[in-house]
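Trainee: Got a predicted structure here, sequence first:
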Amino acid sequence: MVVERWSLSQVEALAPDPASVKAARSLSGEGSWSASGRLDDILWGLCRSYQVCVDLAGPAFRCSCPSRKIPCKHTLGLLMRWASSDVSSAPAPAFAHEWQAARAAAAARPKAASTPDPEAAARRAEQRAARVAGGMAELSRWLDDQVRQGLAGAQRTGPQPFDAMAARLIDAQAPAAAGAVRRLGTIAGIGPHWADRLLGELALLQLLIDGYERLPDLPPGLAATVRSRIGFPVATDDVLAGPRVTDRWQVLGQVEVDDGALTTRRTWLRGVATGRFALVLAFAAPGQPMVADLVPGTEFRGDLTFYPGAAPLRALVAERASAAEPFPAPDGAIPLAEALGGWATTVAAEPWRYDAPVLLAGVTPSDDGWLVDESGAALPLASGHREPWWLLAAAGASPATVAAEWSPSGLRPLAAWVDGLYVRAGLPLPDAGATRHPELPPDLLAAALVGTNRRPWPTASLLEDAAVALARHRAGVTPGAGHAPVPAAPAEPTPPLPAAAGARLVRILGDGVPGGAQIANELLSQWLEAAAAKGGHAPPVALPALLDAGRRNSLIRPAMARVAGRRGAWLAGMRGDWRWLRDETVSSLDWETGTIGERLGYLIEVRRADPARGLSLLEASWPQESSDDRARFVAALGTGLSLDDDAFLEQTLDDRRKEVREAALDLLRGLPGSSLGKRMASRAAAAVRLDPRGRLVVTPPEDLDAGLRRDGVAATPARGLGVSAWLLEEVLAGAPLDTWSDPVTMLRLARGNDWESALLQGWAKAAVAQNDAGWATVLLQEAAGSLRESVRWDLHLVLPADELGRLAAEALRQEDPMAHRLLSIHPGRWPEELSITVLETIAHRARTDRHSWQLGELCRSAALAMPPAYADLVGRLAVQLDQEPADQSRVRPVAELARTLTFRHEMFQEFE
């Protein structure tokens, strides 16, 4: 059978927990699998010594590892490998054939017939019915007491009375009714309109009691609903023995609810031909894996059997006739009004039902938390989902098909389909603006609050009247109007980035990378740089997480702005903490009217294309600029800096704001031929000269005059320095290095001079300010020991990458502690010599070091800077170490390094 490959999101939906997803992603690379392949519907693979099989028609899983999680990380890793890059066509090994044969034999084996004792079963049923009848009679008396005494007292008593009644229902073997009563304790006195909610739930309990009292007279479906709401079990075998509904079932989405004692997963399906919705429930104890056999966004042919009920929704998968395959969009999506008609039918048949599935056609979010269809009808989104950034990003406010759960609280989205792509709904977000409206008439509520003893109700039962009013209100809901959809996002002028690269971005943003959060941040930076160099826009589904990452890390914003596209800027304009993107994006706004961020971005872009025009813009508006903004505008002149900017920067040296003066000084010190440089060169020539015998004669400035202050010489000397030495150092730091002879000659002349230290410090600071690699190299080679540590390390930043790598490699070979610091400041990828030295050092330390933290630090540095092509060599080393009697705490960092390098290698290949 031909099975279409799943997407990574569909594979991740199978995972029992986020930790399994993270571990599986690190195993999805080629280096983790010695062999893999496909045998009909069976995926197989060898991960180290573990034998892994997946039956895609189930799906079903088998792995020889000892993990109790189903599916385990190896199984998920194999599925991810198949989803992202497929598997090889190698012949299947014996273990795959054996498992395939065992599954076929098990499917063909008839089930053993059970022979229950009918008389014993009848006695047990009779005993339980008597207990339940007693419990429901006690519940009826308790409800009467609540209404007679008034609900206002529940605000003071707390949950204790509800827990006590729930415990008595547990003893009466009515667990579902007990759960409903216990939940009342979480409503009483809590939140807005709590009395309205409490009265509604009490009314539904009264309706349940009335149904139980008339159970023999009810239609079979309604009787089954009443029994299930009380807690009578329905055996799985009995459900599977019922009528089967054959169809092509599309898995629309999943919701997981954790109440502390149990995790419940609700999976919604819809039959293409029958149009029936189906709810499949799965349960797990805390910490236990959830069975994951239904993948959202996929469909399969098979049979479902439904639990009996007045509006049967819950079902079991009785048989699958095909493997699960992705589908481009679900069938049967309908307008909002028609969907509410189906909801009304469900509530009329089963008034205890609080939510039901809907499949909405062509809906768009509004800016006030509603979904609007093409007719203008609208439904509110539930609390936590009122800002559906995931949907706005994916669809760009174009109409989309959305699957959701509808309830009186609003729509809870499950998923959407946009241009044939399945998009899982985002997690709920804190929503302080969501409001809830009362559902019951005010006179009912007023009587219930004070109690019927004080305010008698005209009919026999206030609770029965409340139940009718609640059902009518819920079934009679109509779509809202007057909610304008968000205007559509602009079209993208650039092509999308490669699909594989986009999927990789989603993995990085979802913490799906080896090495943890710090590595993920660096990998995101590298991905963005590669994407910006490639050109194109990022996948829309990744934009919310991408914008959040930029909000937290300003260093990645420029590259991010180049790949966010017009949709990213469109999204950023709708949310305050994403507006940084607008600041990074060139805008057509008038220079005079934009925000500071927009104007700054505009100035930088103008300076890139036409520096003179950018300077003219700034000069014209300079008198009106605030003191807080002037420093940022001056710094922006670093783009396209030239001598044409010298006069303006000279004027800013007299600005009253210190930050403005410092920004101008930073630019002028690095600008060849600047007026500042000429003044400092003149002062330096007067302070340091050669006598007739070729020796340096040093005459430091006598005092700190106004001119020196204006040109940036600080009034406070560095610690331990005299005023004269400090002034000499500062003058030399500001003088252009071409004032002097070559650095080797000048260092030779300075050697032994009384002012040697001040001379060396001044030249070193000048080399840093002017980014002169030649001077920096000579100073580090000839005079490193004479320099202050801060200045010495700044010089390393000026060195060419190859020279810095050579120094780091030499320090590693000599086991110099300085090596790690040199590695940390090396920019970009390591050169060949350094990479080989690091790999040799890792191999040595993994076998000999007592302290694994040193090895871990070295591996973390290598993970981001070592060329990705070394992934194979590091992977072989990890395998060798794993086979040796080495401490596993020293093997793990090497294996993690291999996975990270493999990840980076694949990441960069996806842009080619």
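Mentor: Nice, I can see it. Residues are numbered from 1 along each chain as shown.
Trainee: hey, which helix is longest across the chain?
Mentor: helix 118-149 (DSSP state H).
Trainee: Go through that one and flag the buried ones.
Mentor: Within helix 118-149, the residues scored as buried using 16 or more other Cβ atoms under 10 Å are 128, 132, 135, 136, 139, 140, 142, 143, 146, 147. To be clear about C-beta, it is placed using only N, CA and C from the backbone, and glycine gets the same treatment.
Trainee: Check stretch 638-656 too.
Mentor: Within stretch 638-656, the residues scored as buried using 16+ other Cβ under 10 Å are 640, 641, 645, 646, 648, 649, 652, 653, 655.
Trainee: Quote the end-to-end distance of it.
Mentor: Using Cα to Cα, to the nearest Å, the end-to-end distance of stretch 638-656 comes to 21 Å.
Trainee: starting at the chain centroid, how far to that stretch?
Mentor: 43 Å (Cα atoms, centre = their mean, to the nearest Å).
Trainee: now stretch 481-496
Mentor: Centre-to-centre, stretch 481-496 and its host chain are 23 Å apart (Cα atoms, centre = their mean).
Trainee: likewise stretch 865-885?
Mentor: For stretch 865-885, the distance to the chain centre is 30 Å (Cα atoms, centre = their mean).
Trainee: Kindly report the same for stretch 542-550.
Mentor: So, by Cα atoms, centre = their mean, the centroid of stretch 542-550 is 8 Å from its chain's centroid.
Trainee: So what touches it?
Mentor: Outside stretch 542-550, the residues that touch it by Cβ atoms under 8 Å, 6 or more residues apart in numbering are 389-390, 393, 426, 502, 505-506, 509-510, 521, 524, 538, 556-557, 560, 564, 567-568, 571-572, 575, 578, 580-581.
Trainee: Same list (the buried residues of stretch 638-656) but as JSON lines, adding distance to residue 823.
Mentor: Shown next, in JSON lines, are those (distance: Cβ to Cβ, whole Å):
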{"residue": "640", "distance to residue 823": "34"}
{"residue": "641", "distance to residue 823": "32"}
{"residue": "645", "distance to residue 823": "37"}
{"residue": "646", "distance to residue 823": "39"}
{"residue": "648", "distance to residue 823": "41"}
{"residue": "649", "distance to residue 823": "37"}
{"residue": "652", "distance to residue 823": "39"}
{"residue": "653", "distance to residue 823": "39"}
{"residue": "655", "distance to residue 823": "40"}
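Trainee: Output these as JSON lines; include the columns pLDDT, distance to residue 102 and secondary structure.
Mentor: Converted to JSON lines, the buried residues of stretch 638-656 look like this (pLDDT from 0 to 100; distance: Cβ to Cβ, whole Å; DSSP: H, G, I helix; E, B strand; the rest coil):
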{"residue": "640", "pLDDT": "92", "distance to residue 102": "71", "secondary structure": "coil"}
{"residue": "641", "pLDDT": "93", "distance to residue 102": "73", "secondary structure": "coil"}
{"residue": "645", "pLDDT": "93", "distance to residue 102": "78", "secondary structure": "helix"}
{"residue": "646", "pLDDT": "93", "distance to residue 102": "82", "secondary structure": "helix"}
{"residue": "648", "pLDDT": "94", "distance to residue 102": "81", "secondary structure": "helix"}
{"residue": "649", "pLDDT": "93", "distance to residue 102": "80", "secondary structure": "helix"}
{"residue": "652", "pLDDT": "92", "distance to residue 102": "81", "secondary structure": "helix"}
{"residue": "653", "pLDDT": "92", "distance to residue 102": "84", "secondary structure": "coil"}
{"residue": "655", "pLDDT": "90", "distance to residue 102": "82", "secondary structure": "coil"}
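Trainee: quick one: which of those residues is nearest residue 701?
Mentor: Using Cβ to Cβ, residue 653 comes nearest to residue 701 of those, at 18.5 Å.
Trainee: Tell me the spacing between that closest one and residue 662.
Mentor: Separation of residue 653 from residue 662 (Cβ to Cβ, to the nearest Å): 10 Å.
Trainee: anything in contact with each of those two?
Mentor: Shared contacts of residue 653 and residue 662 (Cβ under 8 Å, 6+ apart): none.
Trainee: Would you map the strands across the stretch 401-550 of the chain?
Mentor: Along the stretch 401-550 of the chain, the segments classed as strands by DSSP state E, counting those that start in this stretch run 410-418, 421-424.
Trainee: so how far is the first one from its chain's centroid?
Mentor: Remark: strand 410-418 is offset 18 Å from the chain centroid, using Cα atoms, centre = their mean.
Trainee: Packing partners of that strand?
Mentor: With contacts defined as 3 or more Cβ pairs under 8 Å, 6 or more residues apart in numbering; DSSP states H and E, strand 410-418 has these neighbours: strand 244-258, strand 378-380, helix 389-395, strand 400-407, strand 421-424.
Trainee: Kindly recompute the last result at 10 Å.
Mentor: Packing partners of strand 410-418 (3 or more Cβ pairs under 10 Å, 6 or more residues apart in numbering; DSSP states H and E): strand 244-258, strand 263-271, strand 356-365, strand 370-372, strand 378-380, helix 389-395, strand 400-407, strand 421-424.
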